[in-house]
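K.L.:
sharing a model prediction with you, sequence too.
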Amino acid sequence: MSTFKNEKGNPVLMKMVNAIHENKDYLGEVDGLIGDGDHGMNMNKGFMLFGKQYGDKSFTFAEGLSNLGNILFSQIGGSMGPIYGTIFMDSADEGMELEEIKVKDLADMLAAGLAGLQEIVEAQVGDKTLVDTLSPAVDALKDAASAGLDFVEALENMKAAAKKGMESTKDMVAKFGRSSRLGERSRGVLDAGSVSCCIILIAMADGIAENLD
(Lines give C-alpha, C1' and ligand atoms only; values in the text may rest on other atoms or scores of the structure.)
Protein backbone atom coordinates (compact mmCIF):
# COMPACT_ATOMS: atom_id res chain seq x y z
CA MET A 1 0.00 0.00 0.00
CA SER A 2 1.42 3.39 -1.03
CA THR A 3 2.30 5.93 1.63
CA PHE A 4 3.39 9.54 1.55
CA LYS A 5 6.31 10.58 3.70
CA ASN A 6 5.56 13.79 5.58
CA GLU A 7 9.12 14.99 4.89
CA LYS A 8 8.30 15.46 1.20
CA GLY A 9 6.42 18.68 1.77
CA ASN A 10 8.25 21.03 -0.58
CA PRO A 11 7.21 19.56 -3.96
CA VAL A 12 3.57 19.32 -2.89
CA LEU A 13 3.34 22.84 -1.50
CA MET A 14 5.15 24.31 -4.48
CA LYS A 15 2.73 22.54 -6.81
CA MET A 16 -0.09 24.26 -4.93
CA VAL A 17 1.71 27.62 -5.21
CA ASN A 18 2.18 27.21 -8.95
CA ALA A 19 -1.46 26.17 -9.45
CA ILE A 20 -2.77 29.33 -7.78
CA HIS A 21 -0.28 31.49 -9.68
CA GLU A 22 -1.30 29.98 -13.02
CA ASN A 23 -5.00 30.48 -12.26
CA LYS A 24 -4.89 33.91 -10.63
CA ASP A 25 -6.53 35.68 -13.59
CA TYR A 26 -9.26 33.05 -13.88
CA LEU A 27 -10.01 33.31 -10.16
CA GLY A 28 -10.27 37.08 -10.52
CA GLU A 29 -12.69 36.68 -13.43
CA VAL A 30 -14.90 34.24 -11.52
CA ASP A 31 -14.90 36.45 -8.43
CA GLY A 32 -15.66 39.54 -10.49
CA LEU A 33 -18.98 38.11 -11.68
CA ILE A 34 -20.62 38.33 -8.25
CA GLY A 35 -17.82 39.59 -5.97
CA ASP A 36 -15.21 42.32 -5.97
CA GLY A 37 -12.81 40.53 -8.31
CA ASP A 38 -9.77 40.46 -6.03
CA HIS A 39 -9.77 36.77 -5.04
CA GLY A 40 -7.14 35.73 -7.56
CA MET A 41 -4.88 38.67 -6.75
CA ASN A 42 -5.09 38.13 -2.98
CA MET A 43 -4.60 34.37 -3.18
CA ASN A 44 -1.66 34.75 -5.55
CA LYS A 45 -0.05 37.32 -3.26
CA GLY A 46 -0.15 34.97 -0.29
CA PHE A 47 0.93 31.84 -2.13
CA MET A 48 3.78 33.64 -3.90
CA LEU A 49 4.99 35.07 -0.57
CA PHE A 50 5.16 31.53 0.72
CA GLY A 51 6.99 30.40 -2.42
CA LYS A 52 9.59 33.15 -2.07
CA GLN A 53 10.21 32.41 1.61
CA TYR A 54 10.19 28.64 1.51
CA GLY A 55 10.58 27.53 -2.11
CA ASP A 56 14.22 26.53 -1.71
CA LYS A 57 13.83 25.02 1.78
CA SER A 58 13.05 21.51 3.01
CA PHE A 59 9.98 21.10 5.20
CA THR A 60 7.37 18.50 6.01
CA PHE A 61 3.94 18.59 4.39
CA ALA A 62 2.42 19.59 7.73
CA GLU A 63 5.03 22.31 8.31
CA GLY A 64 4.41 23.65 4.81
CA LEU A 65 0.66 23.84 5.40
CA SER A 66 1.25 25.58 8.72
CA ASN A 67 3.63 28.16 7.27
CA LEU A 68 1.37 28.80 4.28
CA GLY A 69 -1.60 29.17 6.59
CA ASN A 70 0.25 31.68 8.76
CA ILE A 71 1.12 33.80 5.74
CA LEU A 72 -2.41 33.72 4.36
CA PHE A 73 -3.90 34.50 7.78
CA SER A 74 -1.69 37.50 8.40
CA GLN A 75 -0.79 38.96 5.03
CA ILE A 76 -3.65 38.79 2.51
CA GLY A 77 -6.77 40.88 2.49
CA GLY A 78 -10.43 40.04 2.61
CA SER A 79 -12.12 37.12 4.31
CA MET A 80 -10.22 34.41 2.46
CA GLY A 81 -6.94 34.93 4.30
CA PRO A 82 -8.36 33.92 7.70
CA ILE A 83 -10.46 31.20 6.08
CA TYR A 84 -7.64 29.46 4.24
CA GLY A 85 -5.22 30.24 7.04
CA THR A 86 -7.46 28.39 9.48
CA ILE A 87 -7.96 25.43 7.13
CA PHE A 88 -4.25 24.95 6.51
CA MET A 89 -3.08 25.53 10.08
CA ASP A 90 -5.67 23.19 11.59
CA SER A 91 -4.90 20.56 8.95
CA ALA A 92 -1.21 20.94 9.78
CA ASP A 93 -1.78 20.50 13.52
CA GLU A 94 -3.49 17.18 12.86
CA GLY A 95 -0.54 15.81 10.88
CA MET A 96 2.47 17.49 12.49
CA GLU A 97 3.68 14.41 14.41
CA LEU A 98 3.30 11.92 11.55
CA GLU A 99 6.26 10.46 9.71
CA GLU A 100 4.11 8.75 7.08
CA ILE A 101 0.76 10.03 5.90
CA LYS A 102 -1.73 7.38 4.82
CA VAL A 103 -5.11 7.92 3.16
CA LYS A 104 -6.89 8.05 6.52
CA ASP A 105 -4.32 10.51 7.85
CA LEU A 106 -4.85 12.89 4.94
CA ALA A 107 -8.61 12.57 5.44
CA ASP A 108 -8.18 13.40 9.13
CA MET A 109 -5.96 16.38 8.34
CA LEU A 110 -8.38 17.92 5.86
CA ALA A 111 -11.33 17.09 8.13
CA ALA A 112 -9.61 19.04 10.92
CA GLY A 113 -9.21 21.97 8.55
CA LEU A 114 -12.88 21.82 7.62
CA ALA A 115 -13.90 21.63 11.29
CA GLY A 116 -11.72 24.62 12.09
CA LEU A 117 -13.28 26.60 9.29
CA GLN A 118 -16.80 25.77 10.45
CA GLU A 119 -15.96 27.09 13.90
CA ILE A 120 -15.46 30.57 12.45
CA VAL A 121 -17.88 30.43 9.49
CA GLU A 122 -21.14 28.53 9.89
CA ALA A 123 -21.26 27.55 6.22
CA GLN A 124 -22.63 24.14 5.31
CA VAL A 125 -22.78 22.20 2.06
CA GLY A 126 -25.29 24.01 -0.15
CA ASP A 127 -24.41 27.54 0.99
CA LYS A 128 -22.24 28.31 -2.09
CA THR A 129 -18.85 28.47 -0.39
CA LEU A 130 -15.62 26.50 -0.51
CA VAL A 131 -17.27 24.08 1.96
CA ASP A 132 -19.08 22.70 -1.09
CA THR A 133 -15.67 21.69 -2.48
CA LEU A 134 -13.80 20.74 0.69
CA SER A 135 -16.49 18.71 2.45
CA PRO A 136 -17.11 16.18 -0.36
CA ALA A 137 -13.35 15.89 -0.90
CA VAL A 138 -12.95 14.94 2.78
CA ASP A 139 -15.83 12.47 2.52
CA ALA A 140 -14.25 10.86 -0.55
CA LEU A 141 -10.97 10.35 1.31
CA LYS A 142 -12.76 8.93 4.35
CA ASP A 143 -14.69 6.51 2.12
CA ALA A 144 -11.50 5.52 0.33
CA ALA A 145 -9.76 4.85 3.64
CA SER A 146 -12.67 2.73 4.87
CA ALA A 147 -12.66 0.76 1.63
CA GLY A 148 -8.90 0.21 1.80
CA LEU A 149 -8.25 1.86 -1.54
CA ASP A 150 -4.73 2.54 -2.74
CA PHE A 151 -3.53 6.13 -2.25
CA VAL A 152 -3.55 6.89 -6.00
CA GLU A 153 -7.19 5.81 -6.36
CA ALA A 154 -8.13 7.67 -3.19
CA LEU A 155 -6.56 10.86 -4.52
CA GLU A 156 -8.39 10.50 -7.84
CA ASN A 157 -11.67 10.09 -5.94
CA MET A 158 -10.86 13.18 -3.87
CA LYS A 159 -10.18 15.22 -7.00
CA ALA A 160 -13.43 14.07 -8.64
CA ALA A 161 -15.44 14.90 -5.52
CA ALA A 162 -13.84 18.33 -5.22
CA LYS A 163 -14.59 19.12 -8.85
CA LYS A 164 -18.20 17.93 -8.59
CA GLY A 165 -18.65 19.97 -5.43
CA MET A 166 -17.20 23.07 -7.06
CA GLU A 167 -19.48 22.70 -10.08
CA SER A 168 -22.52 22.31 -7.82
CA THR A 169 -22.10 25.89 -6.57
CA LYS A 170 -23.16 27.26 -9.94
CA ASP A 171 -26.81 26.45 -9.23
CA MET A 172 -26.79 27.75 -5.67
CA VAL A 173 -27.77 31.06 -4.11
CA ALA A 174 -24.99 32.61 -2.01
CA LYS A 175 -25.57 32.67 1.74
CA PHE A 176 -22.25 34.24 2.82
CA GLY A 177 -19.98 37.09 1.80
CA ARG A 178 -20.47 40.00 -0.55
CA SER A 179 -22.30 37.89 -3.14
CA SER A 180 -25.00 36.97 -0.60
CA ARG A 181 -26.43 40.48 -1.05
CA LEU A 182 -27.35 39.56 -4.62
CA GLY A 183 -29.81 36.85 -3.62
CA GLU A 184 -31.13 35.02 -6.68
CA ARG A 185 -28.77 37.00 -8.91
CA SER A 186 -25.87 35.00 -7.44
CA ARG A 187 -27.26 31.86 -9.06
CA GLY A 188 -25.65 30.73 -12.32
CA VAL A 189 -22.06 31.58 -11.36
CA LEU A 190 -19.44 29.42 -9.64
CA ASP A 191 -18.33 30.45 -6.16
CA ALA A 192 -14.78 31.78 -6.39
CA GLY A 193 -13.72 30.22 -3.09
CA SER A 194 -14.96 26.83 -4.19
CA VAL A 195 -12.96 27.22 -7.41
CA SER A 196 -9.71 28.12 -5.63
CA CYS A 197 -10.28 25.28 -3.16
CA CYS A 198 -10.69 22.83 -6.04
CA ILE A 199 -7.51 24.10 -7.70
CA ILE A 200 -5.61 23.72 -4.42
CA LEU A 201 -6.93 20.22 -3.68
CA ILE A 202 -6.19 18.97 -7.19
CA ALA A 203 -2.64 20.35 -7.01
CA MET A 204 -2.20 18.84 -3.55
CA ALA A 205 -3.45 15.45 -4.74
CA ASP A 206 -1.23 15.50 -7.83
CA GLY A 207 1.78 16.55 -5.77
CA ILE A 208 1.24 13.75 -3.28
CA ALA A 209 0.66 11.20 -6.05
CA GLU A 210 3.99 12.16 -7.64
CA ASN A 211 5.83 11.62 -4.34
CA LEU A 212 4.39 8.36 -3.03
CA ASP A 213 6.57 5.51 -1.81
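P.N.:
That came through, no problem. Here the structure is a predicted model, which is why all the values come from computation and not from measurement.
K.L.:
what comes up buried for the lowest-mean-pLDDT helix or strand in the chain?
P.N.:
Taking mean pLDDT, DSSP states H and E as the measure, helix 24-34 is the helix or strand of the chain with the lowest mean score, a mean of 92. Along helix 24-34, the positions that meet the burial threshold by neighbour count (16 or more other C-beta atoms under 10 Å) are K24, L27, G28, V30, D31, I34. Just so you know, the C-beta spots here come from the backbone N, C-alpha and C atoms, and that holds for glycine as well.
K.L.:
closest one of the residues you listed to A205?
P.N.:
Nearest to A205 out of the buried residues of helix 24-34 is L27 (C-beta to C-beta; 18.7 Å).
K.L.:
give the contact list for that closest one.
P.N.:
Under the criterion of C-beta atoms under 8 Å, 6 or more residues apart in numbering, the neighbours of L27 are I20, H39, G40, M43, N44, A192, V195, S196, I199.
K.L.:
gap between the fifth one and M80?
P.N.:
To M80, N44 is 12 Å away according to C-beta to C-beta, to the nearest Å.
K.L.:
before we move on, back to that, which among the contacts of L27 gets closest to I76?
P.N.:
Of all the contacts of L27, the one with the least separation from I76 (C-beta to C-beta) is M43, at 7.1 Å.
K.L.:
per-residue confidence at the closest one?
P.N.:
The score at M43 is 96. That number is its pLDDT.
K.L.:
list the residues that contact it.
P.N.:
Each residue near M43 by C-beta under 8 Å, 6+ apart is listed here: I20, K24, L27, I76, M80, Y84, S196.
K.L.:
so who does L134 touch?
P.N.:
Applying C-beta under 8 Å, 6+ apart to L134 gives the contacts I87, L110, G113, L114, L117, A162, G165, C197, L201.
K.L.:
pLDDT check: weakest of those?
P.N.:
Least confident of those in the model: L117, at 95.
K.L.:
circling back: quick one: which of the contacts of L134 sit in helices?
P.N.:
In this view, these that belong to helices under DSSP state H are I87, L110, G113, L114, L117, A162, G165, C197, L201.
K.L.:
highest neighbour count among those residues?
P.N.:
A162 (28 neighbours; other C-beta atoms under 10 Å).
K.L.:
hmm, that residue is touching A203, no?
P.N.:
No. Proximity of A162 to A203 does not meet the contact threshold set by C-beta atoms under 8 Å, at 10.8 Å.
K.L.:
any weak-confidence spans in this structure?
P.N.:
Across the chain, residues meeting the criterion (pLDDT under 70) sit at 176-186.
K.L.:
may I see the buried residues of stretch 119-130?
P.N.:
Residues of stretch 119-130 classed as buried under the neighbour-count rule (16+ other C-beta under 10 Å) are V121, A123, V125, D127, K128, T129, L130.
K.L.:
who's in contact with that stretch?
P.N.:
Under the criterion C-beta under 8 Å, 6+ apart, external residues in contact with stretch 119-130 comprise 82-83, 86, 117-118, 131-132, 135-136, 165, 169, 172-177, 179, 186, 191, 193-194, 196-197.
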